[in-house]
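Colleague: Okay, predicted coordinates and the sequence, questions at the end:
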Amino acid sequence: MNEVIQTTYSTPLVILAYLISVIGSYAALSATHRMQAQQGKRHLAHLGIAGIALGGIGVWSMHFVGMLALKMDIGLGYSMVETVISLLAACLAAAWGLAIVAKNPRSWSRLISAGAMLGVGAATMHYLGMYGMRFGGYFNWSLDVVAISVVIAIFAATAALWLAFNTRTAVARMGAAAVMALAVCAMHYTGMSAAEFICTTSNRLAIPTSPTVISVMDLPLLVITLAVGMICAIGLDLLFDPQRRLDTSRRPG
């Protein structure tokens with residue numbers, strides 16, 4: 001029994017995934033802006049926050065909310081191993097790409113090489129997250145669409161890095177964040193279209209069980225918990241940023 005599972009998407013969750021990506025992208029742009037004015041440990045702290053914001057919220061959280069938007073008539077589970085590794089990969093790739101460009105934001109060679117690295121990292125996160133899906137069947141991949149999604153990821157990442165170091169005002173950063181989030185979502189849904197879900201079991205609604213697998217019904221709690229944790233880390237960084245307090249104290253009362 002090999003049956004192609006028909007898929008649809010929940011529009012409200014698709015919109016929510018995009019908005020989450022906008023928030024993560026904006027936080028990353030803001031942290032990158034502050035990073036340029038800092039040295040030493042503060043520079044590294046802002047770099048880490050930017051990596052968490054872009055990779056953890058802008059890409060990873062968007063991916064899994066986008067997965068929640070996927071509707072299909074089959075039981076789903078997610079392997080915690082691949083899910084957590086995909087989060088780490090997204091954050092590290094984002095921070096690494098930003099670090100490469102930060103050394104010389106005017107260098108196009110650095111921008112392109114970092115964009116390629118970050119794009120491949122984002123695509124790796126996406127497909128690793130999908131590889132972690134557990135269901136009664138297998139994927140049938142369209143490799144040409146997979147390749148297109150990787151190209152989109154690289155172009156999107158290169159544009160994201162350029163925007164990160166070429167936006168100066170909050171309004172400009174918000175517009176740039178909206179563009180970045182659109183590019184991230186384009187990569188995600190292109191990648192999703194590369195896969196057909198093939199069911200090979202008669203009990204298609206059975207959710208795979210294992211000590212390291214969580215049900216799709218528990219996925220929202222995991223994503224919300226990790227996303228809130230990352231947002232709190234970003235908020236604390238902003239709250240205790242000495243440069244921000246200095247700028248605030250200089251404003252005319």
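Modeller: Now that the structure is in, tell me what you want to look at. Residues are numbered from 1 along each chain as shown.
Colleague: show me where the stretch 101-250 of the chain has strands.
Modeller: Using DSSP state E, counting those that start in this stretch, the strands of the stretch 101-250 of the chain run over 133-134, 137-141, 195-199, 213-215.
Colleague: Run through the neighbouring helices and strands of the last one.
Modeller: In this case it means strand 213-215. strand 77-79 (3 or more CB pairs under 8 Å, 6 or more residues apart in numbering; DSSP states H and E). Just so you know, the C-beta spots here come from the backbone N, C-alpha and C atoms, and that holds for glycine as well.
Colleague: in its sheet, what does the strand it packs on sit against?
Modeller: Sheet partners assigned to strand 77-79 using DSSP bridges are listed as strand 133-134 (antiparallel), strand 213-215 (antiparallel).
Colleague: most packed of those strands?
Modeller: Ranked by mean neighbour count, the strands paired with strand 77-79 are led by strand 133-134 with a mean of 20 (mean count of other CB atoms under 10 Å).
Colleague: Check the offset of it from the chain's centre.
Modeller: Relative to the centre of its chain, strand 133-134 is centred 19 Å away, using CA atoms, centre = their mean, to the nearest Å.
Colleague: Let me see the mean pLDDT of it.
Modeller: Across strand 133-134, pLDDT averages out at 92.
Colleague: Over to stretch 49-63?
Modeller: Averaging pLDDT along stretch 49-63 yields 90.
Colleague: What is the end-to-end distance of it?
Modeller: Stretch 49-63 has its terminal residues 19 Å apart, counting by CA to CA, to the nearest Å.
Colleague: Phe197 and Gly75, how far apart?
Modeller: 12 Å (CB to CB, to the nearest Å).
Colleague: for Ala116, same thing?
Modeller: For Ala116 relative to Gly75 (CB to CB), the value is 38 Å.
Colleague: measure the residue lying closest to Val146 once chain neighbours are set aside to Ile154 for me?
Modeller: Nearest non-adjacent residue to Val146, counting by CB to CB, 6 or more residues apart in numbering: Ala194, 4.6 Å away. Ala194 is 16 Å from Ile154, where distance means CB to CB.
Colleague: In what element of secondary structure is the residue nearest to Leu118 when sequence neighbours are not counted found?
Modeller: Spatially, and ignoring its direct neighbours in sequence, Leu118 is nearest to Gly97 (3.4 Å; CB to CB, 6+ apart). Assigned by DSSP states H and E, Gly97 belongs to helix 80-102.
Colleague: what does Arg34 give?
Modeller: helix 11-35.
Colleague: What's the first helix or strand after that helix?
Modeller: helix 40-51.
Colleague: continuing past that next one, what's the next helix or strand?
Modeller: Trace forward from helix 40-51 with DSSP H and E and the next one is helix 62-68.
Colleague: gap between the helix or strand just after that following helix and the chain center?
Modeller: Note on helix 62-68: by DSSP H and E, the next helix or strand toward the C-terminus is strand 70-72. Centre-to-centre, strand 70-72 and its host chain are 20 Å apart (CA atoms, centre = their mean).
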